[in-house]
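[1] The following comprises the amino acid sequence and a computationally predicted model.
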Amino acid sequence: MEYDNLSVVKVRDILIVTMPPDPDDVAMAFLQEKVLMAMEQYRAKGVVLDISAVETLDSYFARVLSETVQMVILMGGKTVIAGMRPSVAITTTQLGLSLGDAETALNVDRALDMVSESLQRR
Amino acid sequence: MDDRQGEIAIGCESDVIVVRQTVREIAKTLEMGLTDTTRLVTAASELTRNVFLYAGSGIMRWQIIDSNSCRGIELVFIDQGPGIADIGQAMQEGYTTSKGLGMGLPGSRRLVDEMDIVSKVGAGTTITVKKWIRRS
């Protein structure tokens, strides 16, 4: 597919989704669909959204991310957003954005731990 | 091609990407710091979305500016949209007319060094932002 530059890898029950550096709006809309379809297909219980390559996080991007977290919840899953760059964290906060109730982690490693732990507690 | 100024048409959502990439390139040639570059690119992204959302189309003009041995980037977003009736209100925290899309003007204002808004209802809006290169 044309906008298929998103990598989705399944590790045990968790999907690791790697965001490209500068996705356009169409790619972002495609992200939600692809993640949710992959959840169904692989019977995943959790999602790690790796945004460590992302250089610009504007209000639209933030909204799509927090929407995705809500959508994954509706399908019975848990999401952790991982790897936000320092410059992006500074800019996002000054712009006044939040990612809603989304859980975040320093990197994919820690995000995997967080998702695994919460799955074990269930 | 003049490498000190340019213009980009804003007509559809994918132009947001073109604007972001252009601003990032200019910042890179001026050796702007990473965090300031991210701030300026993000502000440009928001202001481009505003043009697209409220006016449907417009342009962004960019130029490299010099003042008192300081160097910076000026971005001008011009549209012929509905205009802003009350700029003071538009600059208030949390004020939006577009269901939360776009952090509005105050968010973008915090990411740049200077912001100037000229608007006339029914005629359009011109928003000028400047970001200076900080030398450490």
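    That came through, no problem. Numbering: from 1, shown residues only, chains lettered A, B, ... in the order given.

[2] I'd guessed residue A:97 sits against residue A:57; true?
    Yes. The criterion here is Cβ atoms under 8 Å, and residue A:97 meets it with residue A:57 at 7.4 Å. (C-beta placed from N, C-alpha, C; glycine too.)

[3] Those two: who's more crowded?
    Legend: neighbour count by other Cβ atoms under 10 Å in any protein chain shown for residue A:97 and residue A:57, higher for residue A:57 (24 against 21).

[4] how close does the more buried one get to residue A:96?
    For residue A:57, the distance to residue A:96 equals 12 Å [Cβ to Cβ, to the nearest Å].

[5] Residue A:103 now?
    To residue A:96, residue A:103 is 20 Å away according to Cβ to Cβ.

[6] how about the strands in chain B?
    Here chain B has its strands, by DSSP state E, at B:5-10, B:58-67, B:70-79, B:114-120, B:124-132.

[7] Out of those strands, flag the one nearest chain A.
    Between chain A and those, the shortest separation by Cβ to the nearest Cβ is 12.2 Å, and it involves strand B:124-132.

[8] Spell out whether the closest one and chain A are in contact.
    No. Figure legend: strand B:124-132 not in contact with chain A (Cβ under 8 Å from any Cβ of the partner chain); closest approach 12.2 Å.

[9] Could you export the strands of chain B as JSON lines, including mean pLDDT and mean neighbour count?
    Formatted as JSON lines, the strands of chain B follow (pLDDT from 0 to 100; neighbours: other Cβ atoms under 10 Å in any protein chain shown):
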{"stretch": "strand B:5-10", "mean pLDDT": "96", "mean neighbour count": "16"}
{"stretch": "strand B:58-67", "mean pLDDT": "96", "mean neighbour count": "16"}
{"stretch": "strand B:70-79", "mean pLDDT": "97", "mean neighbour count": "20"}
{"stretch": "strand B:114-120", "mean pLDDT": "95", "mean neighbour count": "14"}
{"stretch": "strand B:124-132", "mean pLDDT": "97", "mean neighbour count": "20"}
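
[10] Reformat the ones you listed as TSV; add distance to residue B:45.
    Shown next, in TSV, are the strands of chain B (distance: least, Cβ to Cβ, whole Å):
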stretch	distance to residue B:45
strand B:5-10	11
strand B:58-67	11
strand B:70-79	11
strand B:114-120	15
strand B:124-132	12
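
[11] The most centrally placed residue in chain A in helix, strand or coil?
    Nearest to the geometric centre of chain A sits residue A:49, at 2.5 Å (Cα atoms, centre = their mean). Here residue A:49 is recorded as strand under DSSP: H, G, I helix; E, B strand; the rest coil.

[12] residues touching residue B:51, list them.
    B:10, B:57-58, B:60, B:77, B:79, B:81 (Cβ atoms under 8 Å, 6 or more residues apart in numbering or on different chains).

[13] Quick check: residue A:41 is in a helix.
    Yes. Using three-state DSSP, the assignment for residue A:41 is a helix.

[14] Check what pLDDT residue B:34 gets.
    Residue B:34 carries a pLDDT score of 96 in this model.

[15] For the closest residue to it other than its chain neighbours, the count of nearby residues, please.
    Of all residues beyond its chain neighbours, the one nearest residue B:34 is residue A:87 (5.0 Å), with distances taken as Cβ to Cβ, 6 or more residues apart in numbering or on different chains. Per other Cβ under 10 Å, the neighbour tally for residue A:87 reads 20.
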